[in-house]
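# sequence? don't have it. structure:
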(Lines give C-alpha, C1' and ligand atoms only; values in the text may rest on other atoms or scores of the structure.)
Protein backbone atom coordinates (compact mmCIF):
# COMPACT_ATOMS: atom_id res chain seq x y z
CA UNK A 1 0.00 0.00 0.00
CA UNK A 2 1.35 3.40 -0.95
CA UNK A 3 1.60 6.16 1.59
CA UNK A 4 2.32 9.89 1.37
CA UNK A 5 5.99 10.55 0.67
CA UNK A 6 7.93 13.67 1.71
CA UNK A 7 9.77 15.84 -0.76
CA UNK A 8 13.06 14.55 -2.11
CA UNK A 9 15.91 14.98 0.37
CA UNK A 10 13.79 15.45 3.51
CA UNK A 11 14.58 12.00 4.90
CA UNK A 12 18.29 12.70 4.41
CA UNK A 13 18.13 15.46 7.00
CA UNK A 14 19.53 14.61 10.42
CA UNK A 15 17.12 16.13 12.92
CA UNK A 16 18.50 18.82 15.20
CA UNK A 17 18.96 17.72 18.80
CA UNK A 18 19.35 20.45 21.41
CA UNK A 19 21.40 20.34 24.59
CA UNK A 20 20.24 18.02 27.35
CA UNK A 21 18.27 19.43 30.26
CA UNK A 22 18.14 16.51 32.72
CA UNK A 23 20.70 14.46 34.62
CA UNK A 24 19.29 11.23 36.03
CA UNK A 25 20.26 10.43 39.58
CA UNK A 26 21.76 13.85 40.31
CA UNK A 27 20.48 16.20 42.97
CA UNK A 28 20.47 19.83 41.91
CA UNK A 29 21.00 20.17 38.19
CA UNK A 30 22.96 22.93 36.46
CA UNK A 31 22.06 23.17 32.80
CA UNK A 32 25.11 24.52 30.99
CA UNK A 33 24.32 23.02 27.61
CA UNK A 34 22.17 25.56 25.77
CA UNK A 35 23.94 28.95 26.13
CA UNK A 36 21.10 30.37 28.20
CA UNK A 37 21.81 33.45 30.32
CA UNK A 38 22.17 32.76 34.06
CA UNK A 39 20.63 36.17 34.83
CA UNK A 40 17.34 35.25 33.18
CA UNK A 41 15.16 37.84 31.45
CA UNK A 42 14.65 41.43 32.46
CA UNK A 43 12.12 41.85 35.32
CA UNK A 44 10.32 44.24 32.99
CA UNK A 45 10.03 41.48 30.39
CA UNK A 46 8.56 39.14 32.99
CA UNK A 47 5.99 41.76 33.92
CA UNK A 48 5.09 42.42 30.29
CA UNK A 49 4.72 38.68 29.68
CA UNK A 50 2.38 38.31 32.67
CA UNK A 51 0.31 41.33 31.65
CA UNK A 52 -0.21 39.81 28.20
CA UNK A 53 -2.39 37.12 29.82
CA UNK A 54 -5.17 39.69 30.06
CA UNK A 55 -5.72 39.58 26.30
CA UNK A 56 -5.03 36.01 25.20
CA UNK A 57 -8.24 35.92 23.17
CA UNK A 58 -6.87 38.56 20.79
CA UNK A 59 -4.68 37.94 17.75
CA UNK A 60 -1.18 39.44 17.76
CA UNK A 61 -0.21 42.42 15.64
CA UNK A 62 0.82 40.57 12.48
CA UNK A 63 3.34 43.25 11.62
CA UNK A 64 4.99 43.27 15.07
CA UNK A 65 4.93 47.07 14.80
CA UNK A 66 5.72 47.94 18.42
CA UNK A 67 8.61 45.49 18.60
CA UNK A 68 10.06 46.58 15.27
CA UNK A 69 9.83 50.18 16.45
CA UNK A 70 11.69 49.30 19.66
CA UNK A 71 14.41 47.43 17.76
CA UNK A 72 14.74 50.27 15.25
CA UNK A 73 15.08 52.82 18.05
CA UNK A 74 17.67 50.71 19.89
CA UNK A 75 19.96 50.27 16.87
CA UNK A 76 19.10 53.27 14.68
CA UNK A 77 17.52 51.19 11.91
CA UNK A 78 14.73 51.68 9.42
CA UNK A 79 11.67 49.98 10.88
CA UNK A 80 10.41 48.77 7.51
CA UNK A 81 13.60 46.75 7.00
CA UNK A 82 13.02 44.61 10.09
CA UNK A 83 11.07 41.34 10.12
CA UNK A 84 10.31 39.46 13.34
CA UNK A 85 9.99 35.71 13.66
CA UNK A 86 9.43 32.82 16.05
CA UNK A 87 13.12 32.71 16.86
CA UNK A 88 15.81 33.45 14.31
CA UNK A 89 15.46 29.77 13.35
CA UNK A 90 12.13 30.53 11.68
CA UNK A 91 13.69 33.37 9.72
CA UNK A 92 16.51 31.09 8.52
CA UNK A 93 13.88 28.61 7.32
CA UNK A 94 11.94 31.35 5.55
CA UNK A 95 15.03 32.72 3.82
CA UNK A 96 15.95 29.25 2.59
CA UNK A 97 12.39 28.58 1.46
CA UNK A 98 12.29 31.86 -0.43
CA UNK A 99 15.71 31.78 -2.11
CA UNK A 100 16.74 28.13 -2.44
CA UNK A 101 15.39 25.26 -4.48
CA UNK A 102 16.36 22.11 -6.31
CA UNK A 103 19.65 22.58 -8.16
CA UNK A 104 20.81 25.40 -5.90
CA UNK A 105 23.66 25.30 -3.37
CA UNK A 106 24.11 26.98 0.00
CA UNK A 107 27.48 27.18 1.75
CA UNK A 108 28.17 26.95 5.48
CA UNK A 109 31.25 26.02 7.51
CA UNK A 110 32.20 22.65 8.98
CA UNK A 111 31.54 23.59 12.61
CA UNK A 112 28.70 26.02 11.90
CA UNK A 113 25.18 25.96 13.33
CA UNK A 114 23.48 22.69 12.37
CA UNK A 115 20.29 24.48 11.33
CA UNK A 116 21.97 25.83 8.17
CA UNK A 117 22.21 22.48 6.35
CA UNK A 118 18.78 21.53 7.69
CA UNK A 119 17.01 24.55 6.17
CA UNK A 120 19.02 24.14 2.97
CA UNK A 121 18.02 20.53 2.46
CA UNK A 122 14.43 21.23 3.50
CA UNK A 123 14.23 23.71 0.63
CA UNK A 124 15.46 21.04 -1.81
CA UNK A 125 18.90 22.57 -2.26
CA UNK A 126 22.37 21.09 -1.69
CA UNK A 127 24.34 21.95 1.43
CA UNK A 128 28.03 22.62 0.78
CA UNK A 129 30.22 22.43 3.87
CA UNK A 130 33.65 24.10 3.72
CA UNK A 131 36.60 23.64 6.03
CA UNK A 132 37.39 26.13 8.76
CA UNK A 133 40.87 27.38 9.59
CA UNK A 134 41.82 26.81 13.22
CA UNK A 135 38.12 26.69 14.15
CA UNK A 136 37.43 29.99 12.38
CA UNK A 137 35.44 30.80 9.26
CA UNK A 138 37.84 30.67 6.31
CA UNK A 139 36.82 33.34 3.79
CA UNK A 140 39.14 31.96 1.11
CA UNK A 141 37.67 28.47 1.49
CA UNK A 142 34.17 29.86 1.06
CA UNK A 143 35.09 31.86 -2.02
CA UNK A 144 36.79 28.80 -3.53
CA UNK A 145 33.61 26.75 -2.98
CA UNK A 146 31.34 29.16 -4.87
CA UNK A 147 29.90 27.78 -8.10
CA UNK A 148 27.27 29.00 -10.55
CA UNK A 149 24.77 27.06 -8.38
CA UNK A 150 25.60 28.98 -5.19
CA UNK A 151 22.64 31.05 -4.04
CA UNK A 152 23.21 31.52 -0.30
CA UNK A 153 26.01 31.63 2.28
CA UNK A 154 25.46 31.22 6.02
CA UNK A 155 28.00 32.75 8.41
CA UNK A 156 27.60 32.52 12.20
CA UNK A 157 29.59 35.38 13.66
CA UNK A 158 30.39 34.64 16.46
CA UNK A 159 30.22 30.96 15.64
CA UNK A 160 28.51 28.32 17.72
CA UNK A 161 29.94 26.01 19.10
CA UNK A 162 33.52 27.24 18.61
CA UNK A 163 33.09 30.74 20.08
CA UNK A 164 35.30 32.21 17.36
CA UNK A 165 34.59 35.21 15.15
CA UNK A 166 35.94 36.88 12.05
CA UNK A 167 36.57 40.64 11.99
CA UNK A 168 34.49 43.07 9.97
CA UNK A 169 37.10 43.50 7.25
CA UNK A 170 37.04 39.75 6.58
CA UNK A 171 33.25 39.77 6.28
CA UNK A 172 33.51 42.68 3.85
CA UNK A 173 36.21 40.84 1.88
CA UNK A 174 33.91 37.85 1.58
CA UNK A 175 31.04 39.99 0.39
CA UNK A 176 33.22 41.80 -2.14
CA UNK A 177 34.29 38.49 -3.67
CA UNK A 178 30.76 37.22 -4.30
CA UNK A 179 28.28 37.64 -7.12
CA UNK A 180 25.53 40.11 -6.35
CA UNK A 181 22.85 37.41 -6.68
CA UNK A 182 24.23 35.38 -3.75
CA UNK A 183 22.45 36.11 -0.48
CA UNK A 184 24.79 36.36 2.52
CA UNK A 185 23.12 35.53 5.84
CA UNK A 186 25.04 36.84 8.87
CA UNK A 187 23.79 35.05 11.98
CA UNK A 188 24.66 37.37 14.88
CA UNK A 189 22.90 35.48 17.68
CA UNK A 190 25.76 36.09 20.11
CA UNK A 191 26.80 39.56 18.94
CA UNK A 192 25.75 41.33 22.16
CA UNK A 193 28.49 39.46 24.03
CA UNK A 194 31.35 40.48 21.73
CA UNK A 195 33.81 43.04 23.05
CA UNK A 196 36.25 43.47 20.16
CA UNK A 197 37.04 46.68 18.28
CA UNK A 198 37.27 44.89 14.93
CA UNK A 199 33.87 43.20 15.19
CA UNK A 200 30.60 44.27 13.56
CA UNK A 201 27.31 42.40 13.78
CA UNK A 202 26.43 43.24 10.19
CA UNK A 203 24.20 46.28 10.41
CA UNK A 204 26.45 48.51 8.31
CA UNK A 205 26.92 45.90 5.59
CA UNK A 206 23.17 45.26 5.37
CA UNK A 207 22.51 48.99 5.18
CA UNK A 208 24.84 49.41 2.20
CA UNK A 209 24.12 46.18 0.29
CA UNK A 210 21.29 44.51 -1.57
CA UNK A 211 22.29 40.92 -0.81
CA UNK A 212 23.10 40.76 2.91
CA UNK A 213 20.78 39.81 5.78
CA UNK A 214 21.56 39.91 9.51
CA UNK A 215 19.60 37.70 11.92
CA UNK A 216 19.40 38.26 15.69
CA UNK A 217 17.73 36.52 18.62
CA UNK A 218 16.14 37.27 21.98
CA UNK A 219 17.05 33.79 23.23
CA UNK A 220 20.56 34.52 24.49
CA UNK A 221 21.47 37.72 26.32
CA UNK A 222 17.80 38.77 26.62
CA UNK A 223 16.84 35.48 28.26
CA UNK A 224 13.64 34.86 26.29
CA UNK A 225 14.50 31.46 24.80
CA UNK A 226 11.18 29.97 25.93
CA UNK A 227 9.20 32.53 23.93
CA UNK A 228 10.94 31.89 20.57
CA UNK A 229 11.61 35.41 19.33
CA UNK A 230 14.03 36.68 16.73
CA UNK A 231 14.41 39.36 14.08
CA UNK A 232 16.26 40.13 10.91
CA UNK A 233 17.52 43.31 9.31
CA UNK A 234 17.53 43.07 5.53
CA UNK A 235 17.19 44.96 2.26
CA UNK A 236 13.63 46.09 1.57
CA UNK A 237 13.18 43.62 -1.28
CA UNK A 238 14.17 40.68 0.96
CA UNK A 239 11.78 41.82 3.70
CA UNK A 240 9.02 42.01 1.11
CA UNK A 241 9.66 38.42 0.03
CA UNK A 242 9.83 37.02 3.57
CA UNK A 243 6.70 38.90 4.63
CA UNK A 244 4.82 37.26 1.75
CA UNK A 245 5.51 33.72 3.00
CA UNK A 246 5.71 33.97 6.79
CA UNK A 247 2.68 33.16 8.89
CA UNK A 248 0.38 36.17 9.33
CA UNK A 249 0.61 35.90 13.14
CA UNK A 250 3.97 34.17 13.50
CA UNK A 251 4.94 35.83 16.79
CA UNK A 252 2.72 35.55 19.87
CA UNK A 253 1.48 38.50 21.93
CA UNK A 254 3.42 37.46 25.09
CA UNK A 255 6.62 37.21 23.03
CA UNK A 256 6.05 40.58 21.38
CA UNK A 257 5.33 42.36 24.67
CA UNK A 258 8.24 40.73 26.50
CA UNK A 259 10.56 41.52 23.60
CA UNK A 260 9.71 45.21 23.68
CA UNK A 261 10.34 45.40 27.42
CA UNK A 262 13.57 43.39 27.15
CA UNK A 263 15.20 45.46 24.44
CA UNK A 264 14.35 48.68 26.27
CA UNK A 265 15.92 47.49 29.53
CA UNK A 266 19.52 48.26 28.61
CA UNK A 267 20.64 48.11 32.25
CA UNK A 268 19.75 44.42 32.44
CA UNK A 269 21.57 43.69 29.20
CA UNK A 270 24.64 45.54 30.47
CA UNK A 271 24.56 43.47 33.67
CA UNK A 272 24.37 40.25 31.67
CA UNK A 273 27.29 41.37 29.54
CA UNK A 274 29.42 42.27 32.58
CA UNK A 275 28.67 38.92 34.22
CA UNK A 276 29.69 37.11 31.07
CA UNK A 277 32.93 39.04 30.64
CA UNK A 278 33.96 38.33 34.23
CA UNK A 279 33.19 34.63 34.27
CA UNK A 280 34.21 33.83 30.69
CA UNK A 281 37.71 35.04 31.54
CA UNK A 282 37.73 33.21 34.87
CA UNK A 283 36.52 29.92 33.40
CA UNK A 284 39.02 30.13 30.56
CA UNK A 285 41.95 30.64 32.92
CA UNK A 286 40.83 28.09 35.51
CA UNK A 287 40.08 25.29 33.05
CA UNK A 288 43.26 25.91 31.06
CA UNK A 289 45.11 25.73 34.35
CA UNK A 290 43.87 22.16 34.72
CA UNK A 291 45.78 21.19 31.59
CA UNK A 292 42.75 21.13 29.30
CA UNK A 293 42.67 23.02 26.00
CA UNK A 294 40.15 25.87 26.01
CA UNK A 295 39.43 27.53 22.68
CA UNK A 296 39.30 31.36 22.75
CA UNK A 297 35.69 32.56 22.82
CA UNK A 298 33.94 35.91 22.42
CA UNK A 299 30.48 34.53 23.19
CA UNK A 300 28.83 33.17 26.37
CA UNK A 301 30.29 29.69 26.13
CA UNK A 302 33.59 27.85 25.94
CA UNK A 303 34.73 24.92 23.83
CA UNK A 304 36.84 22.54 25.95
CA UNK A 305 39.01 19.93 24.25
CA UNK A 306 39.81 16.63 25.98
CA UNK A 307 42.56 14.08 25.27
CA UNK A 308 41.98 10.77 23.49
CA UNK A 309 43.27 8.72 26.42
CA UNK A 310 40.95 6.08 27.81
CA UNK A 311 39.09 7.40 30.82
CA UNK A 312 39.93 11.02 29.99
CA UNK A 313 37.93 11.61 26.81
CA UNK A 314 35.14 14.11 26.27
CA UNK A 315 32.62 11.30 26.61
CA UNK A 316 34.17 10.24 29.92
CA UNK A 317 34.13 13.82 31.16
CA UNK A 318 30.51 14.25 30.11
CA UNK A 319 29.45 11.19 32.07
CA UNK A 320 31.50 12.27 35.10
CA UNK A 321 29.99 15.75 35.13
CA UNK A 322 26.46 14.47 34.59
CA UNK A 323 26.68 12.47 37.81
CA UNK A 324 27.30 15.74 39.61
CA UNK A 325 24.33 17.41 37.94
CA UNK A 326 26.49 19.46 35.58
CA UNK A 327 25.11 19.25 32.05
CA UNK A 328 27.43 20.38 29.26
CA UNK A 329 26.89 20.05 25.51
CA UNK A 330 28.48 17.18 23.62
CA UNK A 331 29.35 18.47 20.15
CA UNK A 332 30.17 15.32 18.20
CA UNK A 333 27.37 16.23 15.79
CA UNK A 334 29.34 19.39 14.98
CA UNK A 335 32.40 17.33 14.03
CA UNK A 336 34.05 17.92 17.41
CA UNK A 337 33.85 14.56 19.20
CA UNK A 338 36.75 15.36 21.52
CA UNK A 339 35.11 18.53 22.87
CA UNK A 340 32.39 19.68 25.25
CA UNK A 341 30.77 23.11 25.12
CA UNK A 342 30.28 24.88 28.44
CA UNK A 343 27.83 27.74 28.88
CA UNK A 344 28.89 30.51 31.24
CA UNK A 345 26.56 29.99 34.18
CA UNK A 346 25.94 31.48 37.59
CA UNK A 347 28.87 31.92 39.97
CA UNK A 348 27.79 28.78 41.81
CA UNK A 349 27.61 26.72 38.63
CA UNK A 350 30.91 28.06 37.31
CA UNK A 351 32.80 27.22 40.47
CA UNK A 352 31.22 23.78 40.69
CA UNK A 353 32.12 22.88 37.10
CA UNK A 354 35.75 23.91 37.60
CA UNK A 355 35.92 21.87 40.82
CA UNK A 356 34.38 18.87 39.04
CA UNK A 357 36.79 19.16 36.10
CA UNK A 358 39.67 19.40 38.54
CA UNK A 359 38.52 16.18 40.16
CA UNK A 360 38.13 14.60 36.73
CA UNK A 361 41.68 15.34 35.63
CA UNK A 362 43.05 14.56 39.08
CA UNK A 363 44.17 18.07 39.96
CA UNK A 364 43.06 20.69 42.42
CA UNK A 365 41.14 23.73 41.32
CA UNK A 366 42.80 27.13 41.58
CA UNK A 367 42.54 28.97 44.84
CA UNK A 368 40.78 31.92 43.24
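Happy to help now that I have it. Predicted, not measured: the structure shown is a model, and the values here were computed from it.
# and residue 38, its phi and psi?
As for residue 38, its main-chain torsions (degrees, to the nearest 10) stand at phi -70, psi -20.
# so it is in contact with residue 349, correct?
Yes: the criterion here is C-beta atoms under 8 Å, and residue 38 meets it with residue 349 at 7.0 Å. C-beta here means a position set from N, CA and C on the backbone, and glycine is covered the same way.
# ok, and what's touching whatever helix or strand residue 216 lives in?
Using DSSP states H and E, the element containing residue 216 is strand 212-217. If you take C-beta atoms under 8 Å, 6 or more residues apart in numbering as the criterion, strand 212-217 is touched by 87-88, 91-92, 95, 175, 183-189, 191, 201-203, 205-206, 229-235, 238.
# quick one: which of these sit in strands?
183, 184, 185, 186, 187, 230, 231, 232, 233 (DSSP state E).
# just send those back as a markdown table, with neighbour count too.
Output for the ones in strands among the contacts of strand 212-217, formatted as a markdown table (neighbours: other C-beta atoms under 10 Å):
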| residue | neighbour count |
| --- | --- |
| 183 | 24 |
| 184 | 22 |
| 185 | 26 |
| 186 | 26 |
| 187 | 30 |
| 230 | 25 |
| 231 | 25 |
| 232 | 27 |
| 233 | 26 |
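# now the residues you listed in a markdown table, with distance to residue 273 and pLDDT?
Shown next, in a markdown table, are those (distance: C-beta to C-beta, whole Å; pLDDT from 0 to 100):
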| residue | distance to residue 273 | pLDDT |
| --- | --- | --- |
| 183 | 30 | 98 |
| 184 | 27 | 98 |
| 185 | 25 | 98 |
| 186 | 20 | 98 |
| 187 | 19 | 98 |
| 230 | 19 | 98 |
| 231 | 19 | 98 |
| 232 | 22 | 98 |
| 233 | 21 | 98 |
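# can you put those in a markdown table and add distance to residue 343?
As requested, the ones in strands among the contacts of strand 212-217 are exported to a markdown table (distance: C-beta to C-beta, whole Å):
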| residue | distance to residue 343 |
| --- | --- |
| 183 | 31 |
| 184 | 28 |
| 185 | 24 |
| 186 | 23 |
| 187 | 18 |
| 230 | 19 |
| 231 | 23 |
| 232 | 25 |
| 233 | 26 |
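# from these, pick the one nearest residue 220.
When the ones in strands among the contacts of strand 212-217 are ranked by distance to residue 220 (C-beta to C-beta), residue 230 comes first, at 10.2 Å.
# who's the closest one bridged to?
Beta-bridge partners recorded for residue 230 (DSSP bridges): residue 85, residue 217.
# walk me through the domains of the chain.
10-40+267-361, 43-265 (automatic domain parsing).
# which parts of the stretch 101-250 of the chain are helices?
Here the stretch 101-250 of the chain has its helices, by DSSP state H, counting those that start in this stretch, at 115-122, 139-145, 168-176, 203-207, 236-245.
# and the average pLDDT for the shortest one is what?
Yep, that's helix 203-207 we're talking about. Per-residue pLDDT over helix 203-207 has a mean of 97.
# what's stretch 247-255 in contact with?
Residues outside stretch 247-255 that contact it (C-beta under 8 Å, 6+ apart): 49, 52-53, 55-56, 58-60, 62, 64, 67, 84-86, 90, 218, 224, 227-229.
# mind running it again at 6 Å?
The contact list for stretch 247-255, computed with C-beta atoms under 6 Å, 6 or more residues apart in numbering, reads 49, 52, 59, 60, 62, 64, 84, 86, 227, 229.
# and the third one, what helix or strand is that in?
It stands for residue 59. Secondary structure assignment for residue 59, by DSSP H and E: no helix or strand.
# residues in contact with it?
Shown in contact with residue 59 (C-beta under 6 Å, 6+ apart): residue 249.
# re earlier: deepest-packed of the domains of the chain, please.
Most buried of the domains of the chain by mean neighbour count (mean count of other C-beta atoms under 10 Å) is domain 43-265; its value is a mean of 19.
# just how off-centre is that domain within its chain?
Distance of domain 43-265 from the chain centroid (C-alpha atoms, centre = their mean, to the nearest Å) equals 9 Å.
# where do the strands sit along the stretch 251-368 of the chain?
Here the stretch 251-368 of the chain has its strands, by DSSP state E, counting those that start in this stretch, at 293-295, 301-305, 326-327, 329-330, 339-343.
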